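S.K.: sequence first, predicted coordinates after that:
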Amino acid sequence: MQTKLLLRIQACLVFGLALPFIGCGGDSRPPTYPVTGKVTWKGESVDKASVIFVPDGPGESASAETDANGVYNLTTFVAGDGARPGNYRIKVMKYNMPKSEATTDSRNLTYEEEQKIYNDPSVRPTPPPKNSLPANYENETTSALTHVVAEAPSVKDLELK
């Protein structure tokens with residue numbers, strides 16, 4: 001009786017340990033290929049710009065943010081994995097977030113204190129962010145920027161004019 005019980009416990013342990021691996025066939029995402037480049041405007045590197053590759057057909061967009069040197073590495077599924085093969089139209093934008101004119105930190109205020117601040121006519125609302133790059137680059141249909149991602153790593157420098 002104890003032998004049957006021990007066999008059942010062992011079988012449950014083996015099945016329980018194997019359960020996470022059943023049905024795992026690996027990564028089911030389509031392949032992506034690294035795409036890197038540099039964004040410049042008026043000959044200067046553009047930092048903190050958003051770069052978005054929009055596919056011409058069905059598929060996922062790929063995006064990145066430029067670093068201090070204007071360099072980007074596209075991401076589709078996981079950081080830096082690149083883009084799926086295909087034709088892409090590209091949009092680039094950089095929004096500068098204006099600083100709020102409000103000087104009071106409202107995180108720990110009571111409701112009444114918040115209302116007093118928000119209803120104060122001398123406190124102006126924060127203006128919306130503005131794109132500091134030319135407006136035509138903000139839309140993939142007007143940017144005239146394109147790239148074909150092949151089944152290999154590629155570089156696409158974006159010189160904005």
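M.R.: Received it, and whenever you're ready, just let me know what you need.

S.K.: okay, CA-based contacts and neighbour counts for the rest of this
M.R.: Will do.

S.K.: which parts of this protein are helices?
M.R.: Secondary structure of the chain (DSSP state H): helices at 2-18, 111-118.

S.K.: gap between the last one and the chain center?
M.R.: I take that to be helix 111-118. Computed by CA atoms, centre = their mean, to the nearest Å, the separation of helix 111-118 from the middle of its chain amounts to 35 Å.

S.K.: just the mean pLDDT for it, thanks.
M.R.: Mean pLDDT, taken over the full extent of helix 111-118, equals 79.

S.K.: can you give me the buried ones in it?
M.R.: Glu114, Ile117 (16 or more other CA atoms under 10 Å).

S.K.: same for that helix, what does it pack against?
M.R.: For helix 111-118, not one helix or strand is in contact under the criterion 3 or more CA pairs under 8 Å, 6 or more residues apart in numbering; DSSP states H and E.

S.K.: CA atoms only: put that helix into PDB for me.
M.R.: Only the C-alpha atoms of helix 111-118 are listed here, as PDB (Å, rounded to 0.1, in the frame of the first residue of the first chain):
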ATOM      1  CA  TYR A 111      -9.100  68.200  -2.300                       C
ATOM      2  CA  GLU A 112      -9.800  71.700  -1.200                       C
ATOM      3  CA  GLU A 113      -6.100  72.700  -1.600                       C
ATOM      4  CA  GLU A 114      -6.100  71.300  -5.100                       C
ATOM      5  CA  GLN A 115      -9.200  73.200  -6.100                       C
ATOM      6  CA  LYS A 116      -7.700  76.400  -4.800                       C
ATOM      7  CA  ILE A 117      -4.700  75.900  -7.000                       C
ATOM      8  CA  TYR A 118      -6.500  74.800 -10.100                       C
END
